[in-house]
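K.L.:
pasted the sequence and its predicted model underneath.
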Amino acid sequence: MTNPLLDFSDLPRFDQIRPEHVAPAMDDLLASAESALATVTAPDFPAKWTSIATVLDVATERLGRAWGAVAHLNSVADTPELRAAFNAVLPKITEFWTRLGADERLFAKYKAIDPNTLNTEQRQAHRNTLRNFVLGGAELTGAARERFAQIQERQAELAQKFSENALDATDAFEYIASEAELDGVPDDVKQTALAAAAAQDKAGYKLTLKMPCYLPVMQFARSSALRHVLYRAYVTRASDQAEGDAARFDNSALIRDILALRQEEARLLGFVNFGEVSVVPKMAESPQEVITFLRDLSKKARPYAEKDVADLRAFAAEHLGLADPQPWDWPYISEKLKEARYAFSEQDVKQYFTAPKVLAGLFKIIETLFEVSILPDTAPVWHPSVQFYRIERTHLEGAHKGTQLVGQFYLDQPARNGKRGGAWMDDVRTRWLRPDTGILQTPVAHLVCNFADGVDGKPPLLTHDDVTTLFHEFGHGLHHMLTQVNERDVAGISGVEWDAVELPSQFMENFCWEWDVLRHMTAHVDTGEPLPRTLFDKMIAAKNFQSGMQTLRQIEFALLDMLLHTEHDPAQDFMPLLDLVRAEVAVLQPPAYSRTAHTFSHIFAGGYAAGYYSYKWAEVLSADAYAAFEETSGNEGLPSPETGRKYRQEILEAGGSRPAMESFKAFRGREPSLDALLRHQGMA
């Protein structure tokens, strides 16, 4: 078998996949999927769940897995050749999935399935399938059906271009700074910048807009002029306000077109706006419920946010001689105030969080809490820095006595060129009792971050924010990998309402603030000493530093997203709406040239359209779920394994096999309450 994308015997052969493999493999898999579709929609084919799955789902799952491998490489190892191969095939892939999701013959076949012939998991998957057909345009006919398909294809192209522009605009910027300009910037950041400049035969320090460089410069550089240069470049990325040649990555027209297409799609489906379409498969009942939730939370957070700003202004005037702070000064002022108030710096903390030690500590908490083992494993990878692991469970009795493979995952931590920013979890394959072989397929996940690399032969250092990010993505990974559901469409995160999917990820973040967890995952990079309790106590004191401002920032994004998809006319410029949202929510106003929406990939290229509120919505669930652990923790302060077992069984293992509210109530014994979130964030 010469094409690695057509090998499904085991894990993807990432080290062998080349751009020239993409088109032939996709043509082959699309042809197989087309053939399977023709078979199951024939009049004499039985309207039975397993019969359809054995033919159609097996073919489409292969297509999905192979295309997933290509899309993943496009995100983490982008090259001009791979990008061209990806974009050449994208329209065909989109067209097939759109047509499949709207095929009236297939819809009729699923409608003819007798729910009484299905088990509980299959019934939930069947309900979701019928709903998705309606949202996929299966009830449209004639010109409306054709137009719906065109819209899906065009949206996929625009989202991909939006993502490329955001990546290219970020990668294109560089600023060669002098030693003097970098006064105050941490040594490890300077060393990385020095090496990056030297690699291009340039004297000085190469600064970029990637987070491991951008954020510490904004927090620590004493030069306001330098911070201004980076800030302006960062907030104008991929916009008409970018300076010079960088304006070629402008996303303005793409945003307008994407919003117009979504509005048109909603109208075709019989909805007033795209916000209404978006909430159909979610926990929230309506866009208005979401808007009310956000505005209510905004009112509760506002007094705390206003106090945050007043404290910053007073400190800047009294201690930094800044009577009129500018937007690029706020991160620096915040860091200085934090150091003064709590007598520690993020830089101090970072020295204790070496990546290998953090990972070992994270594995220990997962192993203890969820009764599994995490072990190194081997698999072909796309970059030497990628690690691969397996999760196992040992059964001491019963039919499964012995060690059982639960799942596996790839971990890709360092930032690099050609890798899009941010952090995410994605599935490689889903748990599935395969209908073609009768064999249980175990789940595999991608866990991707963008952390700084190690310098001078030392291990990489993580900020506490990085640690929290790592725990967050692992929460998603555990949701995907620990599932015990055998029906692919509702196993793990599949079929989970989008506004509940962040529950397990945000839940895991809480452990980053527990002394009995943290002390086991720290060792000073030079001395090996664990994090001192005194420093941890300062971190805890500072935990909710500016939580009011941070809450309002998330609400600003979420409210903008929902209003763009409900009240905004796509033919109009959306900047006035952004200004209105900022006037209503923000306590610090950015400059007129700021264009943060132009890199808002979550909603324009990442599946969160009219759904960004999900982070705050799920935070209510996750804070309340974590409160169960606070209520049952033992004398040593460590989480109770019994509570961990119940959480694993009712939330993680159940996956999407039942509504999220049912899973939450099965774990907590009641509906969620806002109280725990406000308490955790110091706003009770």
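P.N.:
Structure received.
K.L.:
from now on I want contacts and neighbour counts done on CA atoms only, so please keep to that.
P.N.:
Will do.
K.L.:
ok, longest helix in this structure?
P.N.:
helix 287-319 (DSSP state H).
K.L.:
quick one: list the elements packing against it.
P.N.:
Judged by 3 or more C-alpha pairs under 8 Å, 6 or more residues apart in numbering; DSSP states H and E, helix 287-319 is in contact with helix 274-279, helix 330-342, helix 547-564.
K.L.:
can you add mean pLDDT, distance to Leu29 and mean neighbour count and give these back as a markdown table?
P.N.:
Output for the helices and strands packed on helix 287-319, formatted as a markdown table (pLDDT from 0 to 100; distance: least, C-alpha to C-alpha, whole Å; neighbours: other C-alpha atoms under 10 Å):
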| stretch | mean pLDDT | distance to Leu29 | mean neighbour count |
| --- | --- | --- | --- |
| helix 274-279 | 98 | 30 | 22 |
| helix 330-342 | 96 | 50 | 18 |
| helix 547-564 | 97 | 36 | 22 |
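K.L.:
so which of these comes closest to Leu261?
P.N.:
helix 274-279 (9.5 Å; C-alpha to C-alpha).
K.L.:
now do the domain split for this structure, please.
P.N.:
4-117, 173-249, 271-343+548-610, 344-491 (automatic domain parsing).
K.L.:
could you dump the ones you listed to TSV with distance to Phe664?
P.N.:
Conversion of these to TSV gives the following (distance: least, C-alpha to C-alpha, whole Å):
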stretch	distance to Phe664
domain 4-117	25
domain 173-249	35
domain 271-343+548-610	12
domain 344-491	14
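K.L.:
these two touch, right, Asp103 and Thr141?
P.N.:
No. Taking C-alpha atoms under 8 Å as the definition, Asp103 is not a contact partner of Thr141, at 10.6 Å.
K.L.:
so where's this structure shaky on pLDDT?
P.N.:
Under the criterion pLDDT under 70, the flagged ranges of the chain are 1, 634-637.
K.L.:
okay, which residue is most central for it?
P.N.:
Trp424 (4.0 Å; C-alpha atoms, centre = their mean).
K.L.:
nearest spatial neighbour of that residue, skipping sequence neighbours?
P.N.:
Leaving out its chain neighbours, the residue that sits closest to Trp424 by C-alpha to C-alpha, 6 or more residues apart in numbering is Val448, at 5.3 Å.
K.L.:
can you tell me who that neighbour pairs with across the strands?
P.N.:
Counting by DSSP bridges, Val448 is bridged to Asp412, Trp424.
K.L.:
tell me the spacing between it and Thr643.
P.N.:
28 Å (C-alpha to C-alpha, to the nearest Å).
K.L.:
more crowded one of these two?
P.N.:
Val448 (26 against 20; other C-alpha atoms under 10 Å).
K.L.:
is it correct that the more buried one is in contact with Leu411?
P.N.:
Yes. Under the criterion of C-alpha under 8 Å, Val448 makes contact with Leu411 at 6.0 Å.
K.L.:
so Pro591 sits in a helix?
P.N.:
No. Counting by DSSP: H, G, I helix; E, B strand; the rest coil, Pro591 falls outside a helix, being coil.
K.L.:
state the number of residues packed around it.
P.N.:
12.
K.L.:
what do you get for the one 3 residues further on?
P.N.:
By the measure other C-alpha under 10 Å, the count of residues near Ser594 is 19.
K.L.:
burial of the nearest residue to it once chain neighbours are set aside, as a residue count?
P.N.:
Nearest non-adjacent residue to Ser594, counting by C-alpha to C-alpha, 6+ apart: Val235, 5.2 Å away. When neighbours are defined as other C-alpha under 10 Å, Val235 has 20 of them.
K.L.:
you'd agree Val235 is up against Arg595?
P.N.:
Yes. Applying C-alpha under 8 Å, one finds Val235 in contact with Arg595, separated by 5.6 Å.
K.L.:
follow-up on the earlier one: residues touching the residue nearest to the centre of the chain, list them.
P.N.:
His446, Leu447, Val448, Cys449, Glu473 (C-alpha atoms under 8 Å, 6 or more residues apart in numbering).
K.L.:
how near is it to Glu95?
P.N.:
Distance from Trp424 to Glu95, by C-alpha to C-alpha: 26 Å.
K.L.:
thinking again about what came up before, mind checking which of Asp103 and Thr141 has more residues around it?
P.N.:
Set Asp103 next to Thr141 and count neighbours by other C-alpha under 10 Å: Asp103 wins out with 20 against 13.
K.L.:
need the contact list for the more buried one.
P.N.:
Per C-alpha under 8 Å, 6+ apart, neighbours of Asp103: Ala138.
K.L.:
now the phi/psi pair for it, please.
P.N.:
Taking degrees, to the nearest 10, you get phi -70, psi 110 for the backbone angles of Asp103.
K.L.:
what lies in contact with the one helix or strand Leu577 maps to?
P.N.:
For Leu577, the element it lies in under DSSP states H and E is helix 575-585. Residues outside helix 575-585 that contact it (C-alpha under 8 Å, 6+ apart) are Ser298, Leu552, Arg553, Ile555, Glu556, Leu559, Leu560, Leu564, His568, Gln589.
K.L.:
would you format those residues as JSON lines with distance to His319 included?
P.N.:
Compiled in JSON lines, these are given as follows (distance: C-alpha to C-alpha, whole Å):
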{"residue": "Ser298", "distance to His319": "30"}
{"residue": "Leu552", "distance to His319": "26"}
{"residue": "Arg553", "distance to His319": "26"}
{"residue": "Ile555", "distance to His319": "31"}
{"residue": "Glu556", "distance to His319": "30"}
{"residue": "Leu559", "distance to His319": "35"}
{"residue": "Leu560", "distance to His319": "35"}
{"residue": "Leu564", "distance to His319": "41"}
{"residue": "His568", "distance to His319": "44"}
{"residue": "Gln589", "distance to His319": "23"}
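K.L.:
how about the strands of the stretch 101-250 of the chain, start to end?
P.N.:
Shown for the stretch 101-250 of the chain, the strands assigned by DSSP state E, counting those that start in this stretch span residues 175-177, 205-207.
K.L.:
quick check: Asn486 touching Pro435?
P.N.:
No. Here Asn486 lies out of contact with Pro435, judged by C-alpha under 8 Å, at a distance of 10.4 Å.
K.L.:
those two: who's more crowded?
P.N.:
Comparing Asn486 with Pro435 by other C-alpha under 10 Å, the one with more neighbours is Asn486, at 20 against 17.
K.L.:
look up how far Asp456 lies from that one.
P.N.:
From Asn486 to Asp456 the distance is 47 Å (C-alpha to C-alpha).
K.L.:
please apply the same query to Leu215.
P.N.:
From Leu215 to Asp456 the distance is 21 Å (C-alpha to C-alpha).
K.L.:
of these two, which one has the most company?
P.N.:
Ranked by neighbour count (other C-alpha under 10 Å), Leu215 and Asp456 place Leu215 first, with 17 against 8.
K.L.:
quick one: the more buried one from Phe451, how far?
P.N.:
Going from Leu215 to Phe451 by C-alpha to C-alpha gives 12 Å.
K.L.:
tally of neighbours for His400?
P.N.:
11.
K.L.:
ok so it is a helix residue?
P.N.:
No. Going by three-state DSSP, the assignment for His400 is coil, not a helix.
K.L.:
who touches Gly495 in this structure?
P.N.:
Ala125, Asn128, Asp489, Gly655, Gly656, Ser657.
K.L.:
what about it, which SS state?
P.N.:
Applying three-state DSSP: Gly495 is coil.
K.L.:
dihedrals phi and psi, it?
P.N.:
According to degrees, to the nearest 10, Gly495 has phi 80, psi 0.
K.L.:
swap in Glu392?
P.N.:
phi -130, psi 160.
K.L.:
same deal with Val372?
P.N.:
When read as degrees, to the nearest 10, the backbone of Val372 gives phi -130, psi 170.
K.L.:
same question, Pro414
P.N.:
Taking degrees, to the nearest 10 as the convention, Pro414 sits at phi -80, psi 150.
K.L.:
in this structure it contacts Ser385, no?
P.N.:
Yes. Here Pro414 lies in contact with Ser385, judged by C-alpha under 8 Å, at a distance of 7.5 Å.
K.L.:
more crowded one of the two?
P.N.:
A direct count of neighbours by other C-alpha under 10 Å for Pro414 and Ser385 places Pro414 higher, at 17 against 11.
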